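Colleague: how does the following fold in three dimensions:
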Amino acid sequence: MLNAGAWAVSPPALAAFDSFWAELFPAEQARIVQLLIERVDIGTEGLKLRLRDRGLAHMVAEVGMIAGKSRKAAA
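Modeller: Residues are numbered from 1 along each chain as shown. From the prediction side, this is the model:
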């Protein structure tokens, strides 16, 4: 079960994410969702999400590598 307090996000952060998400191609959005979510169970008791433990870390590391390459190319 997720602790709602641990996942609290400020409205400016949500707005920034919303504009970022809108700029992505659908294939990129799907890839991010696949990295972050392992399984979704829907039943009469509600929705259960199983998140990938390393999905976010992998995504952040990949973005860091891309940013590093961009900086080297600009230099």
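Colleague: all strands of the chain, in order?
Modeller: 37-43, 46-51 (DSSP state E).
Colleague: out of the ones you listed, flag the one nearest residue 27.
Modeller: For those, the distance to residue 27 is smallest for strand 37-43, at 16.1 Å, taking C-beta to C-beta. In this view, the C-beta of every residue, glycine as well, is placed from N, C-alpha and C.
Colleague: what packs against the closest one?
Modeller: strand 46-51 (3 or more C-beta pairs under 8 Å, 6 or more residues apart in numbering; DSSP states H and E).
Colleague: other SSEs contacting the strand it packs on?
Modeller: Partner elements for strand 46-51 (3+ C-beta pairs under 8 Å, 6+ apart): strand 37-43.
Colleague: low pLDDT regions in this protein?
Modeller: Applying pLDDT under 70 to the chain flags residues 1-10, 13-14, 63-75.
Colleague: thinking again about what came up before, any chance of the strands of the chain in TSV with mean neighbour count as columns?
Modeller: Listed next are the strands of the chain as TSV, based on neighbours: other C-beta atoms under 10 Å:
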stretch	mean neighbour count
strand 37-43	10
strand 46-51	10
